[in-house]
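Q: fold the following for me, if possible:
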Amino acid sequence: MRQGEQLPAVVHARGIILSLENAREKLEELEHRYAELENQINDPAFSSDYRQFMTAARARNEIREVVEAYRNYRGILNDLPEAEELISLSDGQERIEAQRLLDTLKEERDVLEEKLRILLLPTDPNDERNVIVEIRPAAGGEEARLFAGELLRMYLRYAERRKWKTEILSMQETGMGGIQEVTFQIEGQGAYSQLKYEGGVHRVQRVPVTESSGRIQTSTVTVAVLPEAEEVDVELNENDIAEDVYHSSSAGGQNVQKVATAIRLTHKPTGIVVTCQDERSQLQNKIKARNVLRTRLYEMKLQEQQEAVTGARRLQVGGGDRSEKIRTYNFPDGRVTDHRINFTVYNVAGVLDGDLQSYIDRLISADQAERLSASAASGA
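A: Modelled structure (predicted):
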């Protein structure tokens, strides 16, 4: 960018005007910070400290996208005067081609302006993390437990579509094929940024298989989506943890293993209880149970840092009452409605097969629009 050249304002379609000129200093600071972090990460002496290396790598990854967009944007601003000059020096077909080049550059500039405008919004530092998801039936008895099993399959299928890795950490099944509760992990880049909007009360309306009169029943299931904690976030004091080893059991209560491998951890200071029984190895269950415990303690840590905000799980799941809902799955009409954005798709089977992206994309857009409006109103 030439000395003294100004960044043009970004004009939102709804009339919100945000000046990139006001953000240029911040963008250049981010670029400088990115270069510093790159140098640190590439320094063997610095990276030999695991915690130090992971902290720097995470900080770099958090600003990578905005720095790359800014560098591309700045390059286009440098190219625009040359393209305009080329038009003035050309004629005939060359002039037509030069005009096409200028139009392309302007389109790319506009796209990057819009991207930077969104990227400059405050970000959730947990967005790139893996997630731990907890699903529990609420109102509706056995029908809610059956639907909890369907939601589990929905998220596993969604993760499969995204080529993310999934792992069941603990699950209590019922005799009829439902789920009393399940905790599972999803590993994938940006998993929390996509799935954090799934936390809340999911409502199902249909005729239960146990209903002989054909009446439609409304049941609810709660979903909590928690950003997975890393060792650098929470240190576990072994003196604070009570560990019990027991036999994993099937839905009917019979032991499925002769050797006790299931693990129950109780965190004495907080009363948090975590179980893991998926693995045949006691050691593997210990490792995974500690990971879940660390994640729940990390959630509490975030609550303390943001006292004005209700804790993630409580905010997401509420009391599980039928009147509380973020999304309704109506089988008689074949529709799924997200009440936060008033968006409906008439394909309940497809959604339950993991076709969730249309909802998630709109929820992300709605969140960005709301934050942009708040930013503009505050004069940021």
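Q: from here on, just use CA atoms for contacts and neighbour counts.
A: Fine.
Q: where in the stretch 151-300 of the chain is pLDDT low?
A: Filtered on pLDDT under 70, the stretch 151-300 of the chain yields the residue ranges 210, 212, 230-233, 247-260, 278-280.
Q: redo that, cut-off 80
A: 175-176, 209-214, 229-237, 239-240, 244, 246-261, 277-284, 299-300 (pLDDT under 80).
Q: strands of that one, start to end?
A: 165-173, 179-187, 200-206, 217-227, 241-246, 262-267, 272-276 (DSSP state E, counting those that start in this stretch).
Q: of those, which is nearest T104?
A: strand 179-187 (37.9 Å; C-alpha to C-alpha).
Q: possible to save the strands of the stretch 151-300 of the chain as JSON lines with mean neighbour count and distance to R24?
A: JSON lines is the format used below for those (neighbours: other C-alpha atoms under 10 Å; distance: least, C-alpha to C-alpha, whole Å):
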{"stretch": "strand 165-173", "mean neighbour count": "18", "distance to R24": "39"}
{"stretch": "strand 179-187", "mean neighbour count": "22", "distance to R24": "35"}
{"stretch": "strand 200-206", "mean neighbour count": "24", "distance to R24": "38"}
{"stretch": "strand 217-227", "mean neighbour count": "24", "distance to R24": "32"}
{"stretch": "strand 241-246", "mean neighbour count": "15", "distance to R24": "49"}
{"stretch": "strand 262-267", "mean neighbour count": "22", "distance to R24": "47"}
{"stretch": "strand 272-276", "mean neighbour count": "20", "distance to R24": "46"}
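Q: could I get the ones you listed as TSV with distance to Y158?
A: Below are the strands of the stretch 151-300 of the chain laid out as TSV (distance: least, C-alpha to C-alpha, whole Å):
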stretch	distance to Y158
strand 165-173	10
strand 179-187	10
strand 200-206	16
strand 217-227	14
strand 241-246	33
strand 262-267	28
strand 272-276	23
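Q: now do the longest helix along the chain: which elements does it pack against?
A: Determined from DSSP state H, the single longest helix within the chain is helix 50-88. With contacts defined as 3 or more C-alpha pairs under 8 Å, 6 or more residues apart in numbering; DSSP states H and E, helix 50-88 has these neighbours: helix 24-41, helix 44-47, helix 92-119.
Q: same thing but at 7 Å, please
A: Judged by 3 or more C-alpha pairs under 7 Å, 6 or more residues apart in numbering; DSSP states H and E, helix 50-88 is in contact with helix 24-41, helix 92-119.
Q: how is this protein carved up into domains?
A: 9-119, 131-368 (automatic domain parsing).
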